[in-house]
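> no sequence for this one, just the structure:
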Ligand SMILES: O=C(O)CCC(=O)C(=O)O
């Protein structure tokens with residue numbers, strides 16, 4: 001089966017900010033096709049609803065005797081530490097084009113009074129992102145970890161504007177998601193350089209091996225997410241810096257504790273989180289509408305496999 005669901009973006013370098021604004025306005029109004037549900041119509045379950053789901057919340061080790069791009073040692077390292085980094089993803093021209101495109105999207109969102117953190121489920125809104133998440137340099141290492149059948153179900157820009165004061169508390173991604181088992185890998189693609197000065201991501205190595213960890217609801221004005229894990233450092237070995245140059249990416253398990261401090265620099269720090277899951281992962285609350293196949297087959301036909309958006 002061919003994975004090409006739209007023209008690949010890396011041969012299309014002409015999209016600029018003006019095109020983006022028009023496309024954004026259209027995408028807000030766009031009517032979805034018969035099997036497509038609009039991104040904003042897919043609910044986010046409450047913590048109570050999530051707690052009632054029969055989710056399997058234990059790390060499922062990656063096992064692959066014949067990986068295509070990772071080494072066996074990298075797979076063992078992912079199993080032991082819960083993350084891998086850095087990888088070279090987009091080349092200089094590709095990431096400049098993507099940044100240019102994102103600048104247009106961001107400007108349009110800010111103009112509409114939306115936050116720089118609100119651009120989520122981007123692969124269902126923008127053809128450009130639907131194409132990007134199929135890039136072989138992104139998908140292949142993920143497939144080495146998750147197996148040949150992979151869906152992309154999430155894509156969210158975490159864009160820290162210079163000195164915006166926002167931090168991401170220590171958390172496990174799977175806490176928030178109505179998915180089971182925990183076989184989602186996040187690819188964090190740096191749109192800008194990300195380092196400790198502008199609030200890059202940090203990981204707690206080994207913390208993915210503790211299942212679902214207790215958390216508090218925080219609801220603080222300076223945090224992006226509302227759930228924060230208590231005593232995070234007791235679940236792992238120190239802290240690892242996810243320093244990346246623009247175009248590079250890291251991979252982390254959905255059970256790994258991670259977070260980031262505020263951006264105290266004059267530089268923006270934007271990353272695109274792309275959520276890939278093994279195609280045999282099951283969902284609740286209509287989340288199957290988010291996922292489309294980027295490698296192999298839609299085993300069990302659970303995922304709605306939406307087509308490329310028109311914009
Ligand atoms: O970009 C950040 O600082 C945090 C991103 C994050 O929490 C995630 O990738 O799940």
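Thanks, I have it. In this text, all values refer to a predicted model and were calculated from it rather than measured experimentally.
> can we go C-alpha only for contacts and neighbour counts from here?
Fine.
> for the ligand, what are the nearby residues on this structure?
158, 168, 173, 188, 200, 201, 259, 260, 271, 273 (C-alpha under 6 Å from any ligand atom).
> can you do 8 Å?
With C-alpha under 8 Å from any ligand atom as the criterion, the chain comes near the ligand at residues 157-160, 167-168, 171-173, 186-188, 199-202, 254, 258-261, 270-274.
> Out of those, which sit inside helices?
Using DSSP state H, no member of the residues of the chain next to the ligand falls in helices.
> who are the neighbours in contact with the nearest residue to residue 56 once chain neighbours are set aside?
Closest residue to residue 56 apart from its sequence neighbours, by C-alpha to C-alpha, 6 or more residues apart in numbering: residue 181 at 4.9 Å. With contact set as C-alpha atoms under 8 Å, 6 or more residues apart in numbering, residue 181 has these partners: 55, 56, 57, 58, 60, 281, 282.
> Would you state the secondary structure element containing residue 293?
strand 292-295 (DSSP states H and E).
> If you count contacts, what does that strand end up packed against?
Judged by 3 or more C-alpha pairs under 8 Å, 6 or more residues apart in numbering; DSSP states H and E, strand 292-295 is in contact with helix 136-146, strand 150-160.
> which residues are contacting stretch 59-71?
Residues contacting stretch 59-71 (C-alpha under 8 Å, 6+ apart): 72, 75-76, 78-79, 140-141, 144-147, 181-183, 208-209, 211, 255.
> Which among those count as buried?
Among the contacts of stretch 59-71, the ones that count as buried by 16 or more other C-alpha atoms under 10 Å are 75-76, 78-79, 140-141, 144-147, 181-183, 208-209, 211, 255.
> Distance of the closest residue to residue 309 other than its chain neighbours relative to residue 216?
Once flanking residues are discounted, residue 309 sits nearest to residue 127: 5.1 Å by C-alpha to C-alpha, 6+ apart. Taken as C-alpha to C-alpha, to the nearest Å, the spacing of residue 127 relative to residue 216 amounts to 37 Å.
> Look at these two and report which has more neighbours.
Higher neighbour count among residue 127 and residue 216: residue 127, with 22 against 10, using other C-alpha atoms under 10 Å.
> wouldn't the more buried one be in contact with residue 311 here?
Yes. Assessed by C-alpha atoms under 8 Å, residue 127 is found in contact with residue 311 at 5.6 Å.
> Spell out, range by range, the helices that occur in the chain.
So, for the chain - with DSSP H - the helices run 17-29, 47-51, 72-81, 92-111, 122-125, 127-132, 136-146.
> which strands and helices sit next to the fifth one?
For helix 122-125, the helices and strands in contact under the criterion 3+ C-alpha pairs under 8 Å, 6+ apart are helix 127-132, strand 150-160.
> quick one: strands adjacent to the longest one?
Strand 150-160 has its sheet partners listed here by DSSP bridges as strand 269-278 (antiparallel), strand 292-295 (antiparallel).
> Tell me how far that strand lies from the chain's centre.
The chain centroid and the centroid of strand 150-160 are separated by 3 Å under C-alpha atoms, centre = their mean, to the nearest Å.
> before we move on, what about stretch 128-145?
For stretch 128-145, the distance to the chain centre is 11 Å (C-alpha atoms, centre = their mean).
> got it, and stretch 302-311?
Worked out by C-alpha atoms, centre = their mean, stretch 302-311 lies 17 Å from the chain centre.
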